[in-house]
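Participant: need coordinates for the following:
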Amino acid sequence: MIISPCISICKTDPVSGYCYGCGRNKDEIKKWGNKDTSNEWKKNNILEIQKRLNGWQLESFKESYEHKIRNGLSLYKKKIKLEP
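Facilitator: Below you'll find the predicted structure:
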């Protein structure tokens, strides 16, 4: 199973159409939700979206996505859960 690249920072850039958090567009987000989408497509999509990101955005995505893979929760959701 390939974990969704959503890191719970869901805001779309109005110019590019890509999510600020995960770098996907709305069609890719929908495709991730489709049970018939292959793991091969998902693996390739993760590589593709990382090519769209750079600098702090790419580093933030990688750190949060790795945390989500290891712990089942993005860093953003972990922070919200810890706050009173």
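
Participant: drop to CA atoms for contacts and neighbour counts, all remaining ones
Facilitator: OK.

Participant: model confidence for Leu73, exactly?
Facilitator: On the pLDDT scale, Leu73 is placed at 87.

Participant: got a list of what it touches?
Facilitator: His67 (Cα atoms under 8 Å, 6 or more residues apart in numbering).

Participant: can you tell me the SS state at it?
Facilitator: Secondary structure, DSSP: H, G, I helix; E, B strand; the rest coil: Leu73 is coil.

Participant: any idea how far it lies from Ile7?
Facilitator: Here Leu73 is placed at a distance of 8 Å from Ile7 (Cα to Cα, to the nearest Å).

Participant: ok, Cys19 - contacts?
Facilitator: Residues near Cys19 by Cα under 8 Å, 6+ apart: Ile9, Cys10, Lys11, Thr12, Asp13, Asn25.

Participant: find me the pLDDT at the closest residue to the fourth one other than its chain neighbours, would you?
Facilitator: Going back to what we said before, that points to Thr12. In this structure, Thr12 finds its nearest non-sequential neighbour in Cys19, 4.2 Å apart by Cα to Cα, 6 or more residues apart in numbering. pLDDT recorded at Cys19 is 96.
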